[in-house]
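Asks: sequence-free structure coming up:
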């Protein structure tokens, strides 16, 4: 073939030859290496096949302590029964498992279930060889001895020392501590430090502090016994470097080809576990009482105890609770299943203290009062006459005060309106403020935004405003009606808050107007911005403070609504509240007792200690407890007495059966159909209401 | 049927044997996990690839060359879209996921770049002597290469480098221009062992890249991580010895000691089960494909055809040498599949299209 002048010019043939030679050389090198590996070294390498295995070395997870260093969660060394799935593929292997279970009196269905799920989900062959499956954790020493005795009859089952995550206080602080679960696909994606079967924090502190608590898994290369137990630690070519006995116990180390596991770091919390368990005991007591009345009943609620200055959470109980250990203990599968199935819709796993948003009820009046003083809508001595009703819109039914049966509160000023929780007073004040002003003040207290506590799953609650309603409703319902403001003024309607937000709100007043950052982790410390105090005492706040003190006051002429929380020689502020469940309940307060438990109103009591250090805030929320102060205030008193080292009192350990006293009946009512309120001539209606 | 006669029968037979070896090996690799479906998928991909190959043979390659700017633009845009518009799966943005099928644009981009560069070099001819034209040729390759490296798919990006070198070398590039490109790479290979002592560069590498580089320099540095795989691969190949353990009998494969047995380390499975004799036979088959390709390149009717064939031959040869070399511990572990044998739909189709293009160039050449 005739070559073109271009090809000649560039010496094409030489260049072509160079490329051909390079490729030939590469082929020869490959052939040479094949000969080297397969012929020269073949025998040696063949002997190394299937010998060495990477064996993971479990790293202990960091422990969790309370603020006095008491252990809350640790790792218990336990013995477990494990199998290699391939050993139990055969019917002989299966039979061996069943026999063993029978011998030890265990539930063999449980083992079969586990094995079946391995077979159906992944197929045992898809697992790395010698991936162990734990059949049963936490077996007794006697059982270990029996298994060892029968080792040769049933070699498929292996006894293995292991660490089991143990929640030492059971359900006491479950929602704060959280539970562990196996890693999922998302955790394994990318450059993940986890492998299949690892445990990871799924909720609470276990989740938030995962990176601190998690250790670094170690690895070694070992020759395995035919059943898979590490027999001899070897280097990567299978040369022994550690002599080990047949339990894998190390006798002598000769090489560094082993990465030892690194334990995770410990975490300390701000919780006081003693206080926490006291709260738990109290709630358990109430729960037991309710069940005695009606076995279908159960208590649900939350209690938060907060240090008002630092934001440190001293106790946080969500009721009902669970034992986090059931999530990691294969022996507790029935308990776990019951917990997850939740037939009574108890929502046990939910941390009601931060994830439950409820109408804040009359507790919200402290916000309204503050806003009113700040905005100059009322002076401390401004009075509204409460006749039990407020005819706010002439064409509508009047809004009711909760004391309507007794003819209302009469002329009421700020102090009395708060102390006796007069609704009419706040209807008027709220209407004058308008919802957007209310919202902007409530925001300062911390309503409507998550507190930013270092726990997962916190909700923001709802702080309604015109804008909010426009964004969240459709059609006619999008506009804000005056009636909406009226109900918001007493903390009902759209507004919701979590028990923690309520505690933070009261702390705002207790602190003279500075907001705190609630937190449960004490160390390793999170960077918490120092709270800023707006200079020397806000006068409006001190007025509210003394009004709130009257709530928890036994003095004449009439005790405040939260008087049951009063402790002699202690200055305590507080506010009771009720979160309405259904409107009908309010029609006739006598109904409350007749109503099924589920339909009764929720009770709030939030209080704080003024003249002691640390200044603690207690926020109590009880679902369907029916009446505000009566149900919750005595609990607060017990908690405070305990927290400040006062001796416990006798006789009020549980609530008396008929604690509905005539003086403290269920709440208020707007008594109207909201949709029509817009037709009411608001301004004229309001003008007629002013009475000074 | 003169045309059919001109189809290269030896090349096609070698190819068929390699495909057969591939399917058998994938079957064996997946047999170890009790999964008997992957070889069927591979067969389906081979069928798709063969159709694509026929098409690539039938249409005159000069038409393809004329269309190369469009091909190039489309491919580069796909790569760009992958980087900005697609969620990363397992930390990389290499795939378009159509649920039932996953499509890897980087593989097709290899062909688009070769076709475009062939067209460019055939047009530039002696102008390649000028540094400006040489740089332009470099840019044609560098842009998609950079996108792919960013995915990050370091292995695939790396393939572009030898393809570029051989093609511009064949087109008459000056030695000093080539030296400018080769020198830093050579220097890099030499300094890798020293690299870990230079934190500013070292710290910019991903941890897995660091691990692989270190494991290449000395597998014993990380025997618990990547070095472990390299060692298991060597044990598998060596364990095959002269006659092999027999199909479905390789202990390293069947007991899952071998990682990525059906893709990157497919040669290990073959070598372990079939032994030295068949491994050398495999090497001969690859040499036939490569050798035939070189002859086709030499006999092409025009310079574009020569460059096209040289680019394709280099692509196939580099993949083959690297994948086998890696399996035998000669080269670092990078995800480079073995042509005709590794499991992978996009790559299989691209390899078969490459063969189609080689045949295409041969069909249009003047004589035997």
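Replies: Right, received. Where do you want to start? All values reported here derive from a predicted model rather than from experimental measurement.
Asks: I'd say residue A:566 and residue A:551 touch.
Replies: No. The criterion here is Cβ atoms under 8 Å, and residue A:566 misses it with residue A:551 at 9.5 Å. (C-beta placed from N, C-alpha, C; glycine too.)
Asks: quick one: which of the two has more around it?
Replies: For residue A:566 versus residue A:551, neighbours defined as other Cβ atoms under 10 Å in any protein chain shown are more numerous around residue A:551 (29 against 21).
Asks: give me the number of residues near the closest residue to the more buried one other than its chain neighbours?
Replies: In this structure, residue A:551 finds its nearest non-sequential neighbour in residue A:560, 3.9 Å apart by Cβ to Cβ, 6 or more residues apart in numbering or on different chains. Here the count is done by other Cβ under 10 Å, and residue A:560 has 27 residues near it.
Asks: so what's residue A:560 up against?
Replies: Counting by Cβ atoms under 8 Å, 6 or more residues apart in numbering or on different chains, residue A:560 touches A:419-420, A:550-553.
Asks: would you list these in CSV and tack on pLDDT, secondary structure and distance to residue A:5?
Replies: As requested, the contacts of residue A:560 are exported to CSV (pLDDT from 0 to 100; DSSP: H, G, I helix; E, B strand; the rest coil; distance: Cβ to Cβ, whole Å):
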residue, pLDDT, secondary structure, distance to residue A:5
A:419, 86, helix, 110
A:420, 85, coil, 111
A:550, 88, helix, 110
A:551, 88, helix, 106
A:552, 87, coil, 107
A:553, 81, coil, 112
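Asks: biggest separation within those, which pair?
Replies: Across the contacts of residue A:560, the longest distance by Cβ to Cβ is 12.5 Å; it joins A:420 and A:552.
Asks: helix, strand or coil for the residue nearest to residue A:551?
Replies: Recorded secondary structure, residue A:560: coil (DSSP: H, G, I helix; E, B strand; the rest coil).
Asks: can you check residue A:304 too?
Replies: Using three-state DSSP, the structure places residue A:304 in strand.
Asks: go on, residue A:200?
Replies: Residue A:200 falls in the strand class when you classify it by three-state DSSP.
Asks: residue B:311: what's it in contact with?
Replies: Residue B:311 sits next to B:114-115, B:117-118, B:163, B:166-167 when contact means Cβ under 8 Å, 6+ apart.
Asks: grab the nearest non-local neighbour of the most centrally placed residue in chain B.
Replies: In chain B, the centroid-proximal residue (Cα atoms, centre = their mean) is residue B:319; its distance is 3.6 Å. Leaving aside its sequence neighbours, residue B:319 sits nearest to residue B:339 (Cβ to Cβ, 6+ apart; 5.1 Å).
Asks: isn't the one you found right next to residue B:316, touching?
Replies: Yes. Counting by Cβ under 8 Å, residue B:339 does reach residue B:316; the two are 5.3 Å apart.
Asks: circling back to that earlier point, need the contacts of residue B:311 in TSV (columns: pLDDT and secondary structure).
Replies: Below are the contacts of residue B:311 laid out as TSV (pLDDT from 0 to 100; DSSP: H, G, I helix; E, B strand; the rest coil):
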residue	pLDDT	secondary structure
B:114	96	helix
B:115	95	helix
B:117	95	helix
B:118	95	helix
B:163	95	helix
B:166	95	helix
B:167	95	helix
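Asks: by neighbour count, which of the residues you listed wins?
Replies: Of all the contacts of residue B:311, the highest neighbour tally under other Cβ under 10 Å goes to residue B:118, namely 31 neighbours.
Asks: residue B:167 versus that one, what's the distance?
Replies: 7 Å (Cβ to Cβ, to the nearest Å).
Asks: can you list residues touching both of the two?
Replies: Joint contacts of residue B:118 and residue B:167 (Cβ under 8 Å, 6+ apart) are B:307, B:311.
Asks: just to revisit the earlier point, now flag whichever of the contacts of residue B:311 is closest to chain A.
Replies: residue B:166 (5.8 Å; Cβ to the nearest Cβ).
Asks: which non-adjacent residue is nearest that closest one?
Replies: residue B:314 (4.3 Å).
Asks: surely residue A:208 touches residue A:454?
Replies: Yes. With contact defined as Cβ under 8 Å, residue A:208 counts as touching residue A:454 (5.3 Å).
Asks: so what sits against both of the two?
Replies: With Cβ under 8 Å, 6+ apart as the test, residue A:208 and residue A:454 both reach residue A:521.
Asks: residues near residue A:186, how many?
Replies: Neighbours around residue A:186, by other Cβ under 10 Å: 8.
Asks: try the one 10 residues further on
Replies: By the criterion of other Cβ under 10 Å, residue A:196 has 14 neighbours.
Asks: any buried residues in the helix ranked longest in chain B, and which?
Replies: Across chain B, the longest stretch assigned as helix under DSSP state H is helix B:266-298. For helix B:266-298, a neighbour-count test (16 or more other Cβ atoms under 10 Å in any protein chain shown) marks B:266-276, B:278-279, B:282-283, B:285-298 as buried.
Asks: ok, now stretch A:439-453?
Replies: A:439, A:441-442, A:444-448, A:451, A:453.
Asks: from the contacts of residue A:560, which single one is nearest chain B?
Replies: Of all those, residue A:551 has the smallest distance to chain B: 54.8 Å, by Cβ to the nearest Cβ.
Asks: OK, contacts around the closest one?
Replies: Here residue A:551 is in contact with A:418-419, A:421, A:560-563, A:573-576 (Cβ under 8 Å, 6+ apart).
Asks: same deal with residue B:151?
Replies: Counting by Cβ under 8 Å, 6+ apart, residue B:151 has contacts B:82-83, B:92-94, B:106.
Asks: also residue B:156?
Replies: B:94, B:106-107, B:110, B:148, B:335-336 are the contacts of residue B:156 under Cβ under 8 Å, 6+ apart.
Asks: any stretches of the stretch 351-500 of chain A with poor pLDDT?
Replies: By pLDDT under 70, the stretch 351-500 of chain A has no low-scoring segment.
Asks: and the residue of it nearest chain B?
Replies: Of all residues in the stretch 351-500 of chain A, residue A:456 sits closest to chain B, at 24.0 Å by Cβ to the nearest Cβ.
Asks: please state the backbone phi and psi of that residue?
Replies: phi -80, psi 160 (degrees, to the nearest 10).
Asks: where exactly do the helices run in the stretch 451-600 of chain A?
Replies: A:466-472, A:482-489, A:499-510, A:539-551, A:584-587, A:591-594 (DSSP state H, counting those that start in this stretch).
Asks: buried set for the second one?
Replies: For helix A:482-489, burial by neighbour count (16+ other Cβ under 10 Å) applies to A:482-489.
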